[in-house]
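Peer 1: fold the following for me, if possible:
(one chain, ligands or ions: 1)
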Amino acid sequence: MFRFARSGTIEYLESGELSAQDFLTHAFCTRRGGVSRAPYDGLNTGDLVGDEEEDLLQNLNLVKDAFAIPDGRLILMRQLHGDRIYLIDEEGPLPDGLPECDGLITDRPGVALGIRTADCVPLFFVDRIRRVIGAAHAGWRGTALGIAARMVATLTERFSSRPEDILAVIGPAIGPCCYQVDAPVLAAFSAVPDADLFFRPCPQKERWMVDLALANRLRILAAGVPSENIYASGLCTSCRQDLFFSHRAAGGRTGRQISLIMLCDGGMH
Ligand SMILES: [Zn+2]
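Peer 2: Numbering: from 1, shown residues only. You can find the predicted model right below:
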């Protein structure tokens, strides 16, 4: 179950199942509640999209205030459409600048992991027993590379997580209603099992409609996470430009929404 909520000026979507975990904070922020002007209106968090630097910084400050993120503890990525995962453990230093990766995992309280998207799939992972969290960015390339399964594998290998303890949440992304792709995208999935389940034929020749959320769900399932632990918002960014930035629907010039997850500091919820 997902529901809309508000903190400060920011309207966001939350998963009821993650909200029930009292040791973490999470939000799939909408585009509503920031200061950027069109075509980045309003809560743009993308730094390479052409928005005003001052507006972007103000938006990031609004996010930090709304979710009580300590100074310097909002970790964003230089997302590369790959499958590299950066670990932030209890002892190590925080990354200097933006780590080049598409996944972040931490067991450290008070460190927020952020994903910036405008159609790509934001993914959260939570080991509810060991209290480890992860955030990943999955566009078609990252999905084909299997970043979702790598997140689960990294949790099990590095944090001894059991797949049955992991909750996985699939946030708003472009849906199979709107996401048309061509042959090179299909080819990228040639080695992926069950691709016929999430590639559907479409009236145009040599084009397919892809369900990226389903593709990621199948990889998370194959990694051992039970289906009852996997939740998807079902919202399409392209259909809902009133709520979300959509790269496709906007013809390329638009902002990026932020999805974030953070373990709470001891005793603080
Ligand atoms: Zn749609």
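Peer 1: any idea how far Phe124 is from Ser238?
Peer 2: 21 Å (CB to CB, to the nearest Å). No exception for glycine: its C-beta is placed from N, CA and C like everyone else's.
Peer 1: compare these two (neighbour count), which wins?
Peer 2: Phe124 (25 against 19; other CB atoms under 10 Å).
Peer 1: can you tell me the centre-most residue of the chain?
Peer 2: Pro122 (1.8 Å; CA atoms, centre = their mean).
Peer 1: that one contacts Leu104, correct?
Peer 2: No. Applying CB atoms under 8 Å as the test, Pro122 and Leu104 come out as separate, 11.6 Å apart.
Peer 1: what touches both of those two?
Peer 2: Common contact partners of Pro122 and Leu104 (CB atoms under 8 Å, 6 or more residues apart in numbering): Ala135, Ala136.
Peer 1: now Glu135: phi and psi?
Peer 2: If you look again at residue 135, you'll see it is Ala, not Glu. phi -140, psi 140 (degrees, to the nearest 10).
Peer 1: cool, Ala149 as well?
Peer 2: phi -70, psi -30.
Peer 1: tell me how far it lies from Arg217.
Peer 2: 11 Å.
Peer 1: of these two, which one has the most company?
Peer 2: Neighbour count, other CB under 10 Å: between Ala149 and Arg217, Arg217 has more, with 23 against 19.
Peer 1: and the more buried one, what pLDDT?
Peer 2: Note on Arg217: pLDDT of 98.
Peer 1: secondary structure class for it?
Peer 2: helix (DSSP: H, G, I helix; E, B strand; the rest coil).
Peer 1: 37 is where my numbering starts, stick with that
Peer 2: In the new count, where the first residue is 37, that last one comes out as Arg253.
Peer 1: so who does it touch?
Peer 2: Arg253 is in contact with Ile206, Ile266, Ala268, counting by CB under 8 Å, 6+ apart.
Peer 1: save these as JSON lines, and put in pLDDT and neighbour count too.
Peer 2: JSON lines is the format used below for the contacts of Arg253 (pLDDT from 0 to 100; neighbours: other CB atoms under 10 Å):
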{"residue": "Ile206", "pLDDT": "98", "neighbour count": "24"}
{"residue": "Ile266", "pLDDT": "98", "neighbour count": "19"}
{"residue": "Ala268", "pLDDT": "98", "neighbour count": "19"}
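Peer 1: out of those, which is nearest to the ion?
Peer 2: Ala268 (14.0 Å; CB to the ion).
Peer 1: now the closest one: closest residue in space that isn't a chain neighbour?
Peer 2: Nearest residue to Ala268, sequence neighbours excluded (CB to CB, 6 or more residues apart in numbering): Ile206, at 3.9 Å.
Peer 1: what separates Leu271 from Ile169, distance-wise?
Peer 2: Where Ile169 is concerned, Leu271 sits at a distance of 22 Å (CB to CB).
Peer 1: okay, these two: which has more neighbours?
Peer 2: Per other CB under 10 Å, whichever of Leu271 and Ile169 has more neighbours is Ile169, with 29 against 18.
Peer 1: partner residues bridging the more buried one?
Peer 2: Thr142, Val162 (DSSP bridges).
Peer 1: how about it, what does it touch?
Peer 2: Ile169 makes contacts with Leu60, Ile141, Thr142, Asp143, Leu149, Phe160, Phe161, Val162, Asp163, Ile297, Met298, Leu299, as judged by CB under 8 Å, 6+ apart.
Peer 1: looking at it, the second one is touching Leu123, isn't it?
Peer 2: By that I understand Ile141. Yes. Ile141 lies in contact with Leu123 (CB under 8 Å); the separation is 5.2 Å.
Peer 1: now do the shared contacts for the two.
Peer 2: Joint contacts of Ile141 and Leu123 (CB under 8 Å, 6+ apart) are Thr190, Arg194.
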